[in-house]
Structure formats: C-alpha cells, structure tokens
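> Here you go, sequence then predicted model.
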Amino acid sequence: MGQSAGLLLDSIVSGILVGGFYAAMAVGISIAFGMLGISNIAHPALILLGSFIAYVLNSQFGFDPILVGALATVPFYFLGTLLYTAYEFAFERRGTQLIRGLAFFFGLLFITEVGLQLIFGVDYRLVEAPYIGPSYNIGPVSLPVRMLIPFLASVLLLVGLQIFFARTFTGRAIMAVAQDKFALQLMGAAPVRIKRIAFGLSTATAAMAGAFLIILQPVEPSMGRDYIGRIFAICVLGGIGSLPGTFIAAVIVGVAESITATFYGPSWSPAIAFGFLLIALVVRPAGLFGRA
Amino acid sequence: MSNGRFITLACLVGIALVAASTFVTNEYYVFAAYFVLQYVVLATAWNILGGYVGYVNFGTTAFLAIGLYSAAALNKWLDLPIPVLILIAGLLCGAVGLAMGYLTIRLRGVYFTIATLALSVVVQTFITNWDYVGGSRGLYVMRPTEVPVFGSYVAYLFFLMTVLAVAAVAIARVIERSTFGFGLAAIRDDETAAAASGVPVLRLKLIAAAISGALMGMTGAPLPFYLTYVEPTSSFSLAYTVNSVAMPLVGGTTSWLGPVIGAILLGTMQQAMTVLISSSVNLLVVGVLLVIFVIAAPNGILGLLRSMGGKKTDPETNPLAAMLVTEKRSSQ
C-alpha cells in the first residue's frame, strides 16, 4: 500500500471516530431544533460547561470523565427543564420565539462562555484517565483509545435515545409534538410537559458530549462557538430530527474534515462544515434523510 | 418631522459632536466617544435587518472583520485614503450580506441566523490563514501622526465615525418612513400575508441584508487605524456581536431611536466599567442585560417609555404596516 493511501485510510478512520463524537454533540440540537423547533444555539456552550465540570471533578477528585458526564446528565436534565419553562413562558406563549428567543439563547451562550472564562481563564484544560494516551495500530491505521471510547459511548447514547423515541410513550409523544400538538393532546399528553421533558433530555446529552470533548482534546471556554456551525450543519444535513441521519451526517462531516486536515492543514477544517451547511441549505434543506 | 429636517438635525448633532471633540484635551475621551459611535452604527445596521425585518444576524464580527481586514490589506498594498477604504469595505460587505441573504434568507429565518454564526468562524479561518495581513500573528498599521485640517489622527477618525453614525441613523430613519420600510415591517409581522399582498418579499429582504452588511463593513474599515494593531482573535471577539444584538434589543427595535439609545447607554457603561472593573465583567453584564430585557421588557427602553406614557402598543406590530396590509387586502 502506498504511503498516501495509508494516510488516507488513517484519516478516514479518525474521521469516523471524530464523527461519532460529533453525533453526540449534535444529537441535543437534533432533539431541540429538529423535534421541538427550539433553536438552542447555547447548546455548544452547555457542552463546554459539561467539559469543565468533568475537568473540575477529574482534577480535584480523580473521577473518570465519562462517569462524571453520565452523572452530570441529571442536573443538566433539570437545568434543561428549567430553561424550557422560562423559554415557554417568555417567548413561545407570546409568539416571539424567533427574534427574542434566539437572542435569549445567544445571551445564555455568551454568559456561559464569559462566566467560564472568568472562573477558569483562557488556558486550555485537560483531564487524565487511563485510556488517554494508548493507541492500537492496525497496519497504517492508528486507533487512539481516547477517540475510540467517546466514539463507542456516543454510539451507545444514540442507540439508547433511538430506542427511547421508538418504543416508549413519552418518546413517541416527543416525536409527535413537532408534527401535531392537537392530536397529541387527544392522545392524552400535554404538549408543554412533553416538550419540557424533551428539552431536558436535549441538554442532558450536552453533559455527556462535554465529557467526550475534554477526553478528545484540551478545552478552553470560547471553543463552543467553533462547534455551532458544525453541529447545525450536521443536523440540517442529517435531516431535521432524525437520529440515524444525524449520526451518518456527523460521520460524513468528520471524515471530510479529517481528510482536509491531513492533506491541507488543520486550520482549514472549520470551513468544511460551513461549506456543508451552505450546500445543505441551498440544495436540500430537508437534509439527506429528512422528509422533503 | 420630515426626512429633510431630520437629516439636517442629525447633521447638526454630528457637527456639534465634532466641534465639541476639538475642545477635549484628554484624548482618551475622544477614543471612548469613538467606541460609542462605532456601536451606534453597528446597532443601527443590525436593527435594519433584525428589528425592521425580523432576521437575526449573529455574524456582526464577520462583517466587521471583512471591512477591517479589507481596509488593512488595501492600505498595505495601495495606501488608499480612509474614506475610499470605507466605501470599498461597504461595497464588499454589502455583497457578502447579499450573498448570505440570497443563499439562506429564503428559508426559515433561523437558518439565516445559524449561517451568520457559522460565517464568522469561516471568515476567521480565512483571515488566520491569510499571510499578507499577518495571519494569526497580526499586523501593525502605520498611521501618520498629523492630518491636515483635523490636526491629530484620532480627531480625523472621530470625524469619520461621526459621519458614518449620522449617515446610518439617517438611513434607518428614511427606511422606517418609506414604502420600503412598510414592506419590511409587513414581512416581519406576517411574511405570507405580505407576499400575498404583493410585497416583493425576497427583494426587500435582500436589500435590507445588503444595507445592513454594508454599514457593518464600513464601521470596520477605520478600525485598523484606531487600533493600530490587528490580529484575528480580538478582531473576531464575540463582544461586537453581543453588543450589536443587545443594544437594539435593550433600546427597542421598532424605531431608529432604539439602537441609538441602546448603543449610547451600553457603550458608555462598558467604557466606564472597563476603566473601573474589567472588560470580562462588563461583557458579562451586557449578556445578562440582554437576557433580562428580552424576557422582561420585550420592547426595550422605548417600549417601557411608551407604556409609561400610557400609549398602548402591541409588541410586534407596527400599526402603519398593519394598516397597509389591511388596505391592500381589502382592495384585492
């Protein structure tokens, strides 16, 4: 095998691994934006908040970051229900969610970012765990364990959510709330309550994604912004509200970025997601797997 | 007040500002006033698209930075005078605004918003990779110490920014009272109804996006000379975006006066707090104010003043636009 073919294979594999992690970041937006129509642009900032919680508990008490992420889903769920209650009361009920709702989430993003900056400064922070460091090598392909673990955990997270949406009453009600609120009420579910639960779930995934992020790379407070374009590109590309679509789109973006980074330099990869976003919006706003 | 009288008045205020600045001996105050005026332009520009049409732009930094870097690059290459640089930056950013609008504004408004957020990341990527303007290392901009007529360079920059601010406010006010402005308000209130009544929805939105983008770019053009050193991280600071969103929303979005009130209030507050406390804390305050205002005072300070005056106003409705739509409907 030629050297460049090996390089290509290696960058595809690491792209798939990173893509899995992107799916975990994007799934919260997929739920909030795709199913509930709430454009929570503060989601990446919440992910960073999750990363810093993992950082604090890891550096102070030596807890495993993934364990912290899993435990943090509980407070994040309640934070989410709280946010939705405020959002519903202040914007959805008045019908001003488009401009003021967006400004509200933008304000939250900004407050979270500046707040983290005031507490932790602008230095990069990282966590320590036994699986950060070692790496398997198969031919030219290297499989760093710190990428493998978030990938597998992300897949588990998405599969779990998909089962929840497909099999449980609440899950199906969440899928239904975007389509027909009135019919949902006839089935005996209160739309506002269902949306509150769903939004709580959406923010809960930020806690997990935050833990994955800090395992993959050191983080600093303003990093969340770089992910906004990427996450929304994945959601739009994957078809709004479709979890399998989100996963496939995340892998596509991950691979495209990884190849670009390998052959043209990593500083160009942010432009890739934006290209995807624009193309997706112009050519097929319903996404690759969405109902047109 | 007619448009002509308003513009005359705005010019007089501008002349008074420039005249007053010549009596100020401490140059810091002129710098601070420049900062506030810059935000008057940015907030007004944001409001032309955000407040009048209802399309939220979170990419102020992108437009500002395109203006800033195009001016820095052209200055390095051709050494053009600043007014020319301002015009070029305006044309360039108007075109970017138009292109962004053309690609995304036809969809739901929120896609436009997301695209503008992503745009700032991409423009930053390009600038960071652009060696001619220093890439991530940054670039020093030489400025002459003396300028004919104005004396100091700071006074000259202040004059230019005053002209821009007066122009921006005048444009906003003229738009507000024109058929174009009524069309924009009709789109904001109900896009389908507006289209059904014969408002050329797409064209009006695109014109608004181009004007808004152009004004933001023009604000950026004198900035390299104000800062004398430009580098990507601070040029793409989220502070510009959060301020240009917060100022109109705090002041009130339905009238030209709202962004001006917001910019003067928040701009002065930040200058004072930067000196007294720290610049991170004052940004935090802006974010908190933004959230408080959108929740508790959706019509901003103007809305609060109006409701205190006993004049009931419907939050999202411009009465004139509503009238226009009903008239058109009944005539069909």
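It's in. Numbering: from 1, shown residues only, chains lettered A, B, ... in the order given.

> What is the burial count for the residue in chain A positioned nearest to chain B?
Residue nearest to chain B within chain A (CB to the nearest CB): residue A:229, separated by 2.9 Å. Glycine gets a C-beta too; all of them are placed from N, C-alpha and C. For residue A:229, the neighbour count with other CB atoms under 10 Å in any protein chain shown is 28.

> Pretty sure it sits against residue A:271.
No: contact criterion CB atoms under 8 Å: residue A:229 and residue A:271 do not qualify, at 9.4 Å.

> quick one: common contacting residues for the two?
The contact sets of residue A:229 and residue A:271 overlap at residue B:122 (CB atoms under 8 Å, 6 or more residues apart in numbering or on different chains).

> Next, the contact list for the residue of chain A closest to chain B, please.
Residue A:229 neighbours (CB under 8 Å, 6+ apart): A:270, A:273-274, A:277, B:114, B:117-118, B:121-122.

> now those residues as TSV including neighbour count and pLDDT?
Formatted as TSV, the contacts of residue A:229 follow (neighbours: other CB atoms under 10 Å in any protein chain shown; pLDDT from 0 to 100):
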residue	neighbour count	pLDDT
A:270	22	75
A:273	27	78
A:274	22	78
A:277	29	79
B:114	29	82
B:117	26	82
B:118	30	81
B:121	22	82
B:122	21	83
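
> Looking at the residues you listed, which is nearest residue A:158?
Of all the contacts of residue A:229, residue A:273 has the smallest distance to residue A:158: 19.2 Å, by CB to CB.

> Correct me if wrong: the closest one contacts residue A:233.
Yes: look at residue A:273 against residue A:233 with CB under 8 Å: they come within range, at 4.5 Å.

> Quick check: neighbours shared by the two?
Counting by CB under 8 Å, 6+ apart, the residues touching both residue A:273 and residue A:233 are A:253, B:118.

> Give the rounded mean pLDDT of stretch A:99-112.
Per-residue pLDDT over stretch A:99-112 has a mean of 89.

> at contact distance from chain B, anything in it?
Yes: with CB under 8 Å from any CB of the partner chain as the measure, stretch A:99-112 is seen reaching chain B through A:99-104, A:106-108, A:110-111.

> So which of those belong to helices?
If you go by DSSP state H, the residues of stretch A:99-112 next to chain B have A:102-104, A:106-108, A:110-111 in helices.

> Can you lay out those as a markdown table showing neighbour count?
Output for these, formatted as a markdown table (neighbours: other CB atoms under 10 Å in any protein chain shown):
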| residue | neighbour count |
| --- | --- |
| A:102 | 23 |
| A:103 | 29 |
| A:104 | 26 |
| A:106 | 28 |
| A:107 | 26 |
| A:108 | 22 |
| A:110 | 26 |
| A:111 | 21 |
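
> Closest to residue B:102 out of the residues you listed?
residue A:102 (21.0 Å).

> Would you mind listing the buried residues in stretch B:284-303?
For stretch B:284-303, a neighbour-count test (16 or more other CB atoms under 10 Å in any protein chain shown) marks B:284-291, B:293-295, B:297-303 as buried.

> Point out where the stretch 1-150 of chain B drops to low pLDDT.
Counting by pLDDT under 70, the stretch 1-150 of chain B shows low-confidence ranges at B:108, B:145-146.

> For chain A, what's the nearest residue on it?
residue B:118 (2.9 Å).

> Does that residue lie in a helix or a strand, and which?
helix B:109-128 (DSSP states H and E).

> List the strands paired with the helix or strand just after that helix, with their directions.
Later in the chain than helix B:109-128, the nearest helix or strand by DSSP H and E is strand B:139-140. Partners of strand B:139-140 in the sheet, by DSSP bridges, are strand B:229-230 (antiparallel).

> Could you identify the helix or strand that succeeds the strand it pairs with?
helix B:232-235.

> which parts of that following helix are buried?
Residues B:232, B:235 are the ones in helix B:232-235 that count as buried (16+ other CB under 10 Å).

> got a list of what the nearest residue to residue A:240 once chain neighbours are set aside touches?
In space, and not counting its chain neighbours, residue A:240 is closest to residue A:34: 3.9 Å by CB to CB, 6 or more residues apart in numbering or on different chains. Residue A:34 makes contact with A:178, A:235, A:239-242, according to CB under 8 Å, 6+ apart.

> Most neighbours among those residues, which one?
Going by other CB under 10 Å, residue A:235 tops the contacts of residue A:34 with 30 neighbours.

> from memory that one sits against residue A:25, does it?
No: applying CB under 8 Å as the test, residue A:235 and residue A:25 come out as separate, 10.1 Å apart.

> Can you measure across stretch A:217-230, start residue to end residue?
17 Å (CA to CA, to the nearest Å).

> Which helix or strand contains residue 273?
I went with chain A, as the question did not name one. Take DSSP H and E as the rule and residue A:273 turns out to sit in helix A:269-283.

> right idea, wrong chain: chain B
Going by DSSP H and E, residue B:273 is part of helix B:257-276.

> what's the neighbour count on residue A:198?
Neighbour count of residue A:198, defined by other CB under 10 Å: 25.

> ok, and the closest non-adjacent residue to residue 142?
No chain specified, so I'll use chain A. Closest residue to residue A:142 in three dimensions, ignoring its sequence neighbours and counting by CB to CB, 6+ apart: residue A:135, at 5.3 Å.

> that's the wrong chain, I wanted chain B
residue B:228 (8.0 Å).

> so how many other residues sit close to the one you found?
Look at residue B:228: counted by other CB under 10 Å, it has 12 neighbours.

> tell me the contacts of it?
Applying CB under 8 Å, 6+ apart, the residues contacting residue B:228 are B:140-143.

> gap between it and residue B:143?
Separation of residue B:228 from residue B:143 (CB to CB, to the nearest Å): 6 Å.

> and the angle for the helix holding residue B:118 with helix A:269-283?
Here helix B:109-128 points in a direction 150 degrees away from that of helix A:269-283 (axes from the mean of the first three to the mean of the last three CA atoms, to 10 degrees).

> Can you show me the strands along the chain?
Since no chain was named, I'll use chain A. Secondary structure of chain A (DSSP state E): strands at A:135-138, A:141-144.

> Oops, wrong one, chain B.
Here chain B has its strands, by DSSP E, at B:139-140, B:146-147, B:151-152, B:229-230.

> Pipe these into TSV and attach mean neighbour count and distance to residue B:35 per row.
TSV is the format used below for these (neighbours: other CB atoms under 10 Å in any protein chain shown; distance: least, CB to CB, whole Å):
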stretch	mean neighbour count	distance to residue B:35
strand B:139-140	16	21
strand B:146-147	12	20
strand B:151-152	13	17
strand B:229-230	18	16
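
> Columns distance to residue B:240 on top of the ones in helices among the residues of stretch A:99-112 next to chain B, output as CSV?
Below are those laid out as CSV (distance: CB to CB, whole Å):
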residue, distance to residue B:240
A:102, 17
A:103, 15
A:104, 19
A:106, 13
A:107, 15
A:108, 18
A:110, 12
A:111, 17
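
> State the pair within these that is farthest apart.
Within those, A:102 and A:111 form the most distant pair, 14.9 Å apart (CB to CB).

> okay, now the nearest residue to residue B:132 once chain neighbours are set aside: neighbour count?
Closest residue in space to residue B:132, ignoring its immediate chain neighbours: residue B:73 at 6.0 Å, by CB to CB, 6+ apart. For residue B:73, the neighbour count with other CB under 10 Å is 18.
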